[in-house]
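Asker: Sequence and predicted structure below; questions after.
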Protein chains: 2
Amino acid sequence: MDDSLDFVEASKITLNGSLDLECGKTLKTVELVYETYGSLNSDASNAILICHALSGNHHAAGKYKGDKRPGWWDSLIGPGKAIDTNKFFVVCPNNIGGCHGSIGPSSINSETGDYFGPDFPIITVKDWVRSQAMLSDCMGIDRWHAVVGGSLGGMQALEWSRLFPKRIKKAGIIAAAPKLSAQNIAFNEVARQAIVNDPDFNEGRYLDKNTSPKQGLKLARMVGHITYLSEEAMRSKFGRELREEKLNFGFDAEFEIESYLRYQGDVFSENFDANTYLIMTKVLDYFDPASECNGELADAFKSIEAQILVVSFSTDWRFSPERSKEIVNALIEAKKNVSYLEINSPHGHDSFLFNEQDYVKGLASFLKN
Amino acid sequence: MDDSLDFVEASKITLNGSLDLECGKTLKTVELVYETYGSLNSDASNAILICHALSGNHHAAGKYKGDKRPGWWDSLIGPGKAIDTNKFFVVCPNNIGGCHGSIGPSSINSETGDYFGPDFPIITVKDWVRSQAMLSDCMGIDRWHAVVGGSLGGMQALEWSRLFPKRIKKAGIIAAAPKLSAQNIAFNEVARQAIVNDPDFNEGRYLDKNTSPKQGLKLARMVGHITYLSEEAMRSKFGRELREEKLNFGFDAEFEIESYLRYQGDVFSENFDANTYLIMTKVLDYFDPASECNGELADAFKSIEAQILVVSFSTDWRFSPERSKEIVNALIEAKKNVSYLEINSPHGHDSFLFNEQDYVKGLASFLKN
């Protein structure tokens, strides 16, 4: 049975006012694209904000007319699902700097009439949260029932609870970390170097030059993809399986894992913007709330009032359970209301996208009043 | 105190006869470059063969005239060290397919007068071991006191004990695995794609075209380097340290780990051959002795007569202790003489290059008669 929402549609909105960014620049006009599922109740108390991760967008659930595959979090969002659209009004925007309709490097800069390209400012999680608060104002939502996200999305949910304690009742912080490790940054840096060294990158002005740094973006995605899957998942899915019966002693893809990665990289490079990818990795690298409090994470959590659920997955080695526990322990130290779920799942970091029973049940029960 | 061997020199030898490779091709002339340290005793019973890893070469120990830094395994090889050159005659060849003097893609093909380039055949661990056996013949060494190597070098030591049971007394298999995992292959594939998609790669004929795929090789090295270091080592060495006092909101290297990786990649791309890198990664991917015995590793070990020492390192996530234990358990199942050392070390896969006390003592005691 297909239990996806059918025929969802995206909306577009221009926020009221400009947005001062952490980098010191100002976005004079902020256009956001977003989707909503379910209905807002009369006192606007049933709204849930979904924050997307690095390569995500506003199409979190349901299908567009004619689509075979639903949005990226369809396993969790829909009628009767963990984020139940029969009860909740769910909002998912595409973030600033993105490439799926919200203002970003591939948008036209109204001041110059040209693509922003590499001139688009570097964004932070805080900038996103502020833009999402402006979106809440436009939608008449004073206080979110919950803000929920996985990975980089979880960092936004955490930042929401810090920045706007009165405007968020619950925060679901899934497969996230309080900051990137040196290894996390290292992988991001490989991805960035792959992109900026692609001759078709043209210092970020590839749209003006009618080129596309697809090879760089493909490599970036390939290396990223390895960190999303667990070794276990790779082993059980691909192992050392060969595409043909014997070794070919050449450089065509011969192990299944090779052709899988190449395919994933190719598809991604057709559908994503390189400058956006660069910005998204920087947003990740920069996230570090403790840095505002001399490295004391518990101090950075002082303002929080929301009920918080932290979820991690056993085989996630990008943001391992230990990283989630850093958040949990600091919240406990700061005497906050926090629950923690560590889910056994074979899918690595990508587990947050899967319909694991304990995970779905835990999230559903947390979101209920 | 500097206890390195001074003024070592490389030698060059043309092996007697041609070498039939596993891929079906034949190398008619095989030239190998190698170094030796210490003296061969009268009955040629004190010789130790050192096998190098992916990016290694024949310069394992000591210094060339004027050099500041010694060979790659100088921590272990020298007078009074674990591989004691006062007692042992140590031989380290550059492997076929390499780029430091032995026949490889950057050599001239005597049949055509051109660089081999991409026409150089894909090599296997078995091919290397056979070429090393031919080298032993030339040197009058019937039986090695030991064959020792780390990482891909450990795979060669293991293969030696399988292929030439009568010619090897001891095998030291350090930081190795019985085959690559899907994740290992995936990282290699990213490296290969980085190289072959560099426009300066020119389908491998960059030497003919006077180009050099440095950007691709740099990326390959960067991604490889991440897998050589433990997360722990990266954290303690670099953490999230910035090069300047605050975030620069741009794409210059701003975290220390970024500039470290870029530097490592740059240096490597100046000194290594791209076609060699491709071949070396394929050698790794193809290594899988169990595949000859329906996946039964213990069956693949039946021929072994050598005493074997397997060493792994606690923070090695490229070839974790679990992978070493696969070798150990199969050797036990096959009723072979095996010892196992699991060393606590913070340096990840690179630990095999470090002078960790327990490791050095264990190896020294194993090599003693």
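Answerer: Good, I have the coordinates.

Asker: So which residues of the stretch 101-250 of chain A form helices?
Answerer: A:125-139, A:152-163, A:182-196, A:214-228, A:231-237 (DSSP state H, counting those that start in this stretch).

Asker: Quick check: which of these is buried the most?
Answerer: For these, the largest average neighbour count (mean count of other CB atoms under 10 Å in any protein chain shown) is found in helix A:152-163, namely a mean of 27. All C-beta spots, glycine's among them, are computed from the backbone N, C-alpha and C.

Asker: Just list what that one packs against, helices and strands only.
Answerer: Secondary-structure packing of helix A:152-163 (3 or more CB pairs under 8 Å, 6 or more residues apart in numbering or on different chains; DSSP states H and E): strand A:47-51, helix A:125-139, strand A:144-150, strand A:168-174, helix A:274-286.

Asker: Let me have the helices of the stretch 101-250 of chain A in CSV, extended by mean pLDDT.
Answerer: CSV is the format used below for the helices of the stretch 101-250 of chain A (pLDDT from 0 to 100):
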stretch, mean pLDDT
helix A:125-139, 98
helix A:152-163, 98
helix A:182-196, 97
helix A:214-228, 97
helix A:231-237, 92
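
Asker: Could you save these as JSON lines and add columns showing distance to residue B:248?
Answerer: Converted to JSON lines, these look like this (distance: least, CB to CB, whole Å):
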{"stretch": "helix A:125-139", "distance to residue B:248": "16"}
{"stretch": "helix A:152-163", "distance to residue B:248": "21"}
{"stretch": "helix A:182-196", "distance to residue B:248": "14"}
{"stretch": "helix A:214-228", "distance to residue B:248": "21"}
{"stretch": "helix A:231-237", "distance to residue B:248": "35"}
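
Asker: So which of those helices is nearest residue B:73?
Answerer: Set against residue B:73 and scored by CB to CB, those come closest in helix A:182-196, at 25.4 Å.

Asker: Can I get that closest one in PDB, CA atoms only?
Answerer: Extracted in PDB, the C-alpha atoms of helix A:182-196 (Å, rounded to 0.1, in the frame of the first residue of the first chain):
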ATOM      1  CA  ALA A 182      38.600  17.300  12.300                       C
ATOM      2  CA  GLN A 183      37.800  14.100  10.300                       C
ATOM      3  CA  ASN A 184      34.400  15.500   9.300                       C
ATOM      4  CA  ILE A 185      35.900  18.700   8.200                       C
ATOM      5  CA  ALA A 186      38.600  16.800   6.300                       C
ATOM      6  CA  PHE A 187      36.000  14.900   4.200                       C
ATOM      7  CA  ASN A 188      34.200  18.200   3.500                       C
ATOM      8  CA  GLU A 189      37.500  19.700   2.400                       C
ATOM      9  CA  VAL A 190      38.100  16.900   0.000                       C
ATOM     10  CA  ALA A 191      34.700  17.500  -1.500                       C
ATOM     11  CA  ARG A 192      35.400  21.200  -1.800                       C
ATOM     12  CA  GLN A 193      38.800  20.700  -3.400                       C
ATOM     13  CA  ALA A 194      37.200  18.300  -5.900                       C
ATOM     14  CA  ILE A 195      34.700  21.000  -6.900                       C
ATOM     15  CA  VAL A 196      36.900  24.100  -7.000                       C
END
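
Asker: List the neighbours of the helix or strand of chain A with the lowest mean pLDDT that are in contact with it.
Answerer: Ranked by mean pLDDT, DSSP states H and E, the weakest helix or strand in chain A is helix A:231-237, scoring a mean of 92. With contact meaning CB atoms under 8 Å, 6 or more residues apart in numbering or on different chains, helix A:231-237 is reached by A:226, A:229, A:257, A:315, A:317, A:346-348, A:350, B:181-183, B:186.

Asker: let's go with 7 Å and repeat that
Answerer: Residues from elsewhere that reach helix A:231-237, judged by CB atoms under 7 Å, 6 or more residues apart in numbering or on different chains: A:257, A:315, A:346, A:347, A:348, B:181, B:182, B:183, B:186.

Asker: what's the burial count for the residue nearest to the first one when sequence neighbours are not counted?
Answerer: Spatial nearest neighbour of residue A:257, chain neighbours left out: residue A:238 (4.1 Å); criterion: CB to CB, 6 or more residues apart in numbering or on different chains. Here the neighbour count serves as a burial measure; for residue A:238 (other CB atoms under 10 Å in any protein chain shown) it reads 21.

Asker: same question, residue A:355
Answerer: Residue A:355: 11 neighbours (other CB under 10 Å).

Asker: need the contact list for it.
Answerer: residue A:75.

Asker: Torsion angles phi and psi at it?
Answerer: phi -90, psi 60 (degrees, to the nearest 10).

Asker: From residue A:77, how far out is it?
Answerer: 11 Å (CB to CB, to the nearest Å).

Asker: from the contacts of helix A:231-237, which is closest to residue A:286?
Answerer: Out of these, the member with the shortest distance to residue A:286 (by CB to CB) is residue A:348, at 24.0 Å.

Asker: OK, contacts around the closest one?
Answerer: A:228, A:229, A:230, A:233, A:315, A:316, A:317.

Asker: Determine which of the helices and strands packed on helix A:152-163 approaches residue A:101 most closely.
Answerer: It's helix A:274-286; of these, that one is closest to residue A:101 (CB to CB) at 11.6 Å.

Asker: can you list contacts of the helix or strand following the closest one?
Answerer: Note on helix A:274-286: by DSSP states H and E, the next helix or strand toward the C-terminus is helix A:297-300. With contact meaning CB under 7 Å, 6+ apart, helix A:297-300 is reached by A:162, A:178, A:289, A:290, A:292, A:293, A:326, A:330, A:333, A:334.

Asker: one more time with 10 Å, if that's ok
Answerer: A:158, A:162, A:178-179, A:288-294, A:326-327, A:329-336 (CB atoms under 10 Å, 6 or more residues apart in numbering or on different chains).

Asker: Could I have the CA atoms of it written out in PDB?
Answerer: Taking C-alpha atoms only, helix A:297-300 is exported to PDB below (Å, rounded to 0.1, in the frame of the first residue of the first chain):
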ATOM      1  CA  LEU A 297      28.600  23.300  25.500                       C
ATOM      2  CA  ALA A 298      26.300  23.300  28.600                       C
ATOM      3  CA  ASP A 299      26.700  27.100  28.900                       C
ATOM      4  CA  ALA A 300      25.700  27.400  25.300                       C
END
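
Asker: Out of the contacts of residue A:348, flag the one nearest to residue B:28.
Answerer: residue A:229 (43.9 Å).

Asker: So for that closest one, what pLDDT did the model give?
Answerer: If you check residue A:229, the pLDDT there is 96.

Asker: That one: neighbouring residues, count only.
Answerer: 28.

Asker: Between the two ends of stretch A:101-115, how far is it?
Answerer: Length of stretch A:101-115, first residue to last, CA to CA, to the nearest Å: 14 Å.

Asker: got the buried residues for that stretch?
Answerer: A:101, A:102, A:103, A:104, A:105, A:106, A:107, A:109, A:115 (16 or more other CB atoms under 10 Å in any protein chain shown).

Asker: Nothing else from me, thank you.
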